[in-house]
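In: Need a 3D model of the sequence below.
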Amino acid sequence: MKLESADPRTRERFRDCVDAIARVEFVVAPGDPTPQGYYAALLGPPGAEREKALDKYLRYYLDLFELAGGPPQGLRVLEVGSGFGLGLVAVAVLGAEEASGVELVPWQVEFALEARKA
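Out: Presented below is the predicted three-dimensional model:
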């Protein structure tokens, strides 16, 4: 089953969420990755490169659901290794009823929890 690309409204909702997450303060620890370093253009300044990254990220999650056999609408999704939490945001914006994550790195969990409030 080929899932269609995200509609413009979904893209806009995801962009709004990513904008809010990009404003969340992150305390940099030497040697540790940052959300901006990890997600690169996705959290970068507005422009064509960022729009391409937004589309690519949503397409990645749509492809995962396609492999699983259907769209995420109404599903309860668990992401293991959820890092800073942007995958959970994508899954929620794409229609999952519930999006939960498991992450072992405490400061990534802290950031994801702060981002959830944004």
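In: from the chain's centre, how far out does the longest helix seen in the chain sit?
Out: Selection of the longest helix in the chain by residue count, based on DSSP state H, yields helix 48-68. If you compare the mean C-alpha spot of helix 48-68 with that of the full chain, they lie 10 Å apart, counting by C-alpha atoms, centre = their mean, to the nearest Å.
In: and it, what other elements does it pack with?
Out: Helix 48-68 is packed against helix 8-22, helix 86-93, with contacts defined by 3 or more C-beta pairs under 8 Å, 6 or more residues apart in numbering; DSSP states H and E. The C-beta positions use only the backbone N, C-alpha and C, and glycine is treated the same way.
In: which residues touch that helix?
Out: Residues external to helix 48-68 that are found in contact with it (C-beta atoms under 8 Å, 6 or more residues apart in numbering): 1-6, 10-11, 14-15, 18, 39-42, 44, 71-72, 86-87, 90-91, 93-94.
In: Pull out the buried members of those.
Out: Neighbour-count burial (16 or more other C-beta atoms under 10 Å) is assigned, among those, to 3, 6, 10-11, 14-15, 18, 39, 41-42, 71-72, 86-87, 90-91, 93-94.
In: correct me, but L86 touches L42?
Out: Yes. Applying C-beta atoms under 8 Å, one finds L86 in contact with L42, separated by 7.0 Å.
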